[in-house]
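Peer 1: Turn this into a model:
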Amino acid sequence: MEGEFAARDGAKLYTKTWKPESGYISAILIFLHGFSDHINAYYDFFPTLSSSSFGIAVYGFDQRGWGRSVRKPSERGLTGPSTLVISDIHDFVLHIASLPETLGKPLFLMGHSMGGGEALCYVLSTSPEFQNRPPIKGLLLEAPYVELDPSEQPSSLVVSAGKLAAMVLPHTQMKQKLHATYMSHSPKVRQDWVDDPLCHDTGTLEGLKGLLQRSADLSALSHGRKVHGLSTRLPCPVWMAHGTSDRVVSPTAAERLFKVLEAPNGDKVYHSYPDGYHKLHAEPDGVGEQFIKDVASWILAHVAGSPEAAQVGT
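Peer 2: Sure, this is the predicted structure:
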């Protein structure tokens with residue numbers, strides 16, 4: 001089901017919902033997509049989660065500057081600064097948590113790549129602005145962007161120059177192309193990434209500055225350094241997944257951050273997928289199917305009293 005969501009400044013953002021046909025919802029999953037991606041580019045992931053096998057309702061939105069939330073070329077990559085990116089996420093979480101069909105249902109948050117880094121910055125934030133965040137039952141992260149793969153990492157000189165330029169010309173657009181090679185082992189998925197006009201590879205100087213700063217902050221946390229406004233203490237259990245052959249973002253950096261994250265009662269899981277690439281949900285040869293089942297199993301195992309939890313895998 002498609003719709004629109006109004007952010008606090010009135011911006012209209014495209015939304016998509018996948019609900020179980022039976023009408024019974026076992027859990028709510030809010031999903032944050034990656035860089036130059038959009039919520040309709042996740043293949044069978046969301047339809048499978050919302051199938052009768054799992055009953056997980058999925059709510060996603062094309063973030064500001066991306067996907068169908070872009071209505072003219074000048075809006076491509078126009079995400080605004082990090083404060084706006086994270087407040088959009090907070091507003092969407094509050095919006096979904098207030099819907100009649102979600103009331104009383106366990107709420108989970110998941111992000112892929114850039115969306116994974118955003119989800120981490122959101123739940124680890126110590127800002128008073130987010131203290132009215134609804135209870136999150138669990139955080140799931142697919143190949144979260146903590147650091148780029150070393151081959152993709154811009155030099156410190158380029159980063160510094162970009163930050164200075166962003167102060168003067170924040171809305172200037174520039175291409176920041178991600179190579180399709182390590183998106184998936186599937187040739188079709190790689191070609192889809194290249195051919196999709198909504199995967200426009202366009203950022204603004206302001207948006208890219210914010211993206212790089214969020215990554216730098218998470219990287220600093222992973223090395224044991226303190227970062228103003230962020231904690232390593234999570235409000236909920238966490239499940240993190242990464243393909244060992246991902247060359248878009250660094251699995252090593254993500255696992256290093258995972259090790260310093262503090263989850264309630266130590267409830268945290270890091271799941272490696274041998275030889276997996278960046279889009280684990282779209283990997284061929286049964287890997288994508290197993291990834292989706294692993295996501296659903298973890299969610300349902302954290303839904304108290306859920307009869308579905310006992311049935312997963314049977």
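
Peer 1: For Pro100, give its distance to Ile25.
Peer 2: In this structure, Pro100 and Ile25 are separated by 11 Å, where distance is defined by CB to CB, to the nearest Å. (Each C-beta comes from the backbone N, C-alpha and C, glycine too.)

Peer 1: typo on my end, Val93
Peer 2: When Val93 is compared with Ile25 (using CB to CB), they lie 17 Å apart.

Peer 1: Any regions of the stretch 101-250 of the chain where pLDDT drops low?
Peer 2: 152-166, 168-169 (pLDDT under 70).

Peer 1: same thing but 90
Peer 2: In the predicted model of the stretch 101-250 of the chain, residues 131, 149-179, 203 satisfy pLDDT under 90.

Peer 1: All the strands of it, residue numbers only.
Peer 2: Secondary structure of the stretch 101-250 of the chain (DSSP state E, counting those that start in this stretch): strands located at 107-112, 138-142, 173-175, 202-204, 238-243.

Peer 1: Settle it for me: which of Val93 and Ile25 has more neighbours?
Peer 2: For the pair Val93 and Ile25, the greater number of neighbours falls to Val93 (21 against 17), based on other CB atoms under 10 Å.

Peer 1: would you say the more buried one is within a helix?
Peer 2: Yes - checked against DSSP: H, G, I helix; E, B strand; the rest coil, Val93 lies within a helix.

Peer 1: Give me the spatial nearest neighbour of it, chain neighbours excluded.
Peer 2: Ile30 (6.0 Å; CB to CB, 6 or more residues apart in numbering).

Peer 1: what secondary structure does that neighbour sit in?
Peer 2: Following three-state DSSP, the label given to Ile30 is strand.

Peer 1: do Lys259 as well
Peer 2: If you use three-state DSSP, then Lys259 falls in the helix class.

Peer 1: check contacts around it.
Peer 2: If a contact means CB atoms under 8 Å, 6 or more residues apart in numbering, then Lys259 has Ser222 as its contacts.

Peer 1: so how far is Thr232 from it?
Peer 2: 10 Å.

Peer 1: what do you get for His200?
Peer 2: 34 Å.

Peer 1: and what of Leu257?
Peer 2: 9 Å.

Peer 1: Need the residues touching each of these two.
Peer 2: Common neighbours of Leu257 and Thr232 (CB under 8 Å, 6+ apart) are Leu221.

Peer 1: Those two: which is more packed in?
Peer 2: Leu257 (23 against 16).

Peer 1: and the residue positioned nearest the centre of the chain, bridged to which residues?
Peer 2: To find the centre residue of the chain, average its C-alpha atoms and take the closest one (CA atoms, centre = their mean): that gives Gly111, at 1.9 Å. Beta-bridge pairing for Gly111 (DSSP bridges): Leu32, Leu141.

Peer 1: contact partners of stretch 184-200?
Peer 2: 36-38, 40-41, 43, 66-68, 70, 76-77, 180-181, 183, 275, 277-279, 282-285, 287.

Peer 1: Quick check, Gly55 in contact with Gly23.
Peer 2: No - at 9.4 Å, Gly55 and Gly23 do not qualify as touching, with contact defined as CB atoms under 8 Å.

Peer 1: ok, these two, which is more surrounded?
Peer 2: Neighbours around Gly55 and Gly23, counted as other CB under 10 Å, are more numerous at Gly55. The numbers are 23 against 8.

Peer 1: Chain neighbours aside, what residue packs nearest to the more buried one?
Peer 2: For Gly55, ignoring the flanking residues on the chain, the nearest one in space by CB to CB, 6+ apart is Ser26 at 3.9 Å.

Peer 1: Run a quick neighbour tally on the one you found.
Peer 2: Residues within reach of Ser26, counting by other CB under 10 Å, total 21.

Peer 1: Likewise for Gln191?
Peer 2: 12.

Peer 1: same check, this time on the one 3 residues further on
Peer 2: Using other CB under 10 Å, Val194 has 12 neighbouring residues.

Peer 1: Check what pLDDT Leu257 gets.
Peer 2: The confidence metric pLDDT takes the value 98 at Leu257.

Peer 1: gap between it and Tyr42?
Peer 2: Distance, Leu257 to Tyr42, by CB to CB: 23 Å.

Peer 1: what does Asp217 give?
Peer 2: Taking CB to CB as the measure, Asp217 falls 26 Å from Tyr42.

Peer 1: Of the two, which one has the most company?
Peer 2: When Asp217 and Tyr42 are compared for neighbours, Tyr42 comes out ahead with 24 against 21, by other CB under 10 Å.

Peer 1: Distance of the more buried one relative to Ser219?
Peer 2: Using CB to CB, one gets 26 Å for the distance from Tyr42 to Ser219.
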